[in-house]
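Enquirer: Structural data only, the sequence is not supplied:
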């Protein structure tokens, strides 16, 4: 099998984290992957301003391609920012892939992020490989977006269901043999 190479030099990624060390670490990793432009915000409020400014541009090159956001921030948290993003009136903002980072990786935290429209979830502390896996997941395996009352985000199902391996037929009462022996 041939090795596949990626060029990230045309990507614009917005990193949102109130922890300066974590923001710099993720930025350094993205730059090591030769991501074209890495923008940073210290919280969801600053991220909203950057998204609004970038997406207002008519040039596709100025738009944000992927958002990586922390979940727990004091001013405008990850859930607030994600809700704002998914309810935005502009399509190119609403459908931006979002990778959520959180130190709490219990099922409830992952489900809440998913239910608010996150594309991927990244547990802290993360590895270089886990960051690249999430990036490639939103690029290589984008899930279709679902717009329904109370939800907008990627389809929650990760893979298509395969048909059952055994034949399944609906039976009627006439098809069932009843034994009256005791």
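Expert: Received, thanks. Note that the coordinates shown come from a computational prediction; the quantities given were computed from them, not determined experimentally.

Enquirer: separation between residue 148 and residue 117?
Expert: In this structure, residue 148 lies at 11 Å from residue 117, with C-beta to C-beta, to the nearest Å as the measure. (Each C-beta comes from the backbone N, C-alpha and C, glycine too.)

Enquirer: mind listing what the closest residue to residue 10 other than its chain neighbours touches?
Expert: Once flanking residues are discounted, residue 10 sits nearest to residue 36: 5.3 Å by C-beta to C-beta, 6 or more residues apart in numbering. Shown in contact with residue 36 (C-beta atoms under 8 Å, 6 or more residues apart in numbering): 8-12.

Enquirer: Which ChimeraX command selects the buried ones in the residues you listed?
Expert: Selecting the buried subset of the contacts of residue 36 in ChimeraX, with 16 or more other C-beta atoms under 10 Å as the burial test, is done by:
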select :8,11,12
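
Enquirer: how many neighbours does the nearest residue to residue 32 once chain neighbours are set aside have?
Expert: Spatial nearest neighbour of residue 32, excluding adjacent residues (C-beta to C-beta, 6+ apart): residue 128 at 7.9 Å. Neighbouring residues of residue 128 were enumerated by other C-beta atoms under 10 Å; the total is 12.

Enquirer: Please report phi then psi for residue 128.
Expert: Listed backbone geometry of residue 128 is phi -60, psi -40, with angles given as degrees, to the nearest 10.

Enquirer: Also residue 46?
Expert: The phi and psi values for residue 46, taken as degrees, to the nearest 10, are phi -70, psi -40.

Enquirer: That one and residue 87: what is the separation?
Expert: Residue 46 sits at a distance of 19 Å from residue 87 (criterion: C-beta to C-beta).
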